[in-house]
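>>> Compute the structure for the input listed below.
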Amino acid sequence: MNYDNSKVRRQDRLLDVQRAEELLQTCEYGILSMTDTDGLPYAVPINFVWNKENSIYVHCAMEGKKINALMKNPNVSFCIIGRVNLLPNKFTTEYESVIMQGKAELNITDEEKTAAIELLLQKLSPNDIVIGRKYAEKSFKRTKIIRIDFSLWSGKTKKVM
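Residues are numbered from 1 along each chain as shown. The predicted structure is shown next:
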């Protein structure tokens, strides 16, 4: 994954790669943006887990609007937002964000699916992993795991002094 802030308009607001990776590791959800089957923009908030390389995993139902859209066009954008602090008296907002571009892979092996579910459990249900594994085993056949491989990402931050 290529962390490239060169196209960020406000070069004075760059988020360093270490903080961007922290956000990938800790943020609970992001916004997955794609093109629906009619060619219209479509975005959904979704839980995710980063594999500490160049991909994230998301889980969903085996069918639906998201799956149909990604089958037609696997190109996506994914946005996560870190700290946000609204400053009404200064008419601005402090923030951190990361935007990624990549492709969704809908067909992964059962082994990769199991590993992704384990990563999701560790991140989102760390106190209930044993029960989570049992639940995942029962729902394995009706759970879809999508891997999103990112080729480009960048980050931006604004801090008011």
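
>>> Return the residue of this structure that is most distant from the centre.
Outermost residue of the chain with respect to the C-alpha centroid, by C-alpha atoms, centre = their mean, is N89; its distance is 32.2 Å.

>>> quick one: E94 and V160, what's the gap?
6 Å (C-beta to C-beta, to the nearest Å). In this view, the C-beta of every residue, glycine as well, is placed from N, C-alpha and C.

>>> tell me, what's touching those two both at once?
Shared contacts of E94 and V160, defined by C-beta atoms under 8 Å, 6 or more residues apart in numbering, comprise L87.

>>> Pick out whichever of the two has more residues nearby.
E94 (14 against 9; other C-beta atoms under 10 Å).

>>> Quick check: phi and psi at Y3.
Y3 adopts backbone torsions of phi -80, psi 110, taken as degrees, to the nearest 10.

>>> correct me, but it touches V17?
Yes: judged on C-beta atoms under 8 Å, Y3 makes contact with V17 at a distance of 4.8 Å.

>>> Need the residues touching each of those two.
Common neighbours of Y3 and V17, counting by C-beta under 8 Å, 6+ apart, are G155.

>>> in the longest helix along the chain, what's buried?
Using DSSP state H to define each element, the chain has its longest helix at helix 110-124. For helix 110-124, the neighbour count (16 or more other C-beta atoms under 10 Å) marks 112-114, 116-117, 119-121, 123 as buried.

>>> do the same with stretch 4-22
Here stretch 4-22 shows 5, 13-15, 19-21 as buried, counting by 16+ other C-beta under 10 Å.

>>> contacting residues for K7?
K7 sits in contact with S154, where contact means C-beta under 8 Å, 6+ apart.

>>> same deal with K113?
If a contact means C-beta under 8 Å, 6+ apart, then K113 has 140, 143, 145 as its contacts.

>>> Repeat that for I108.
Counted by C-beta under 8 Å, 6+ apart, I108 has contacts 116, 145, 147.
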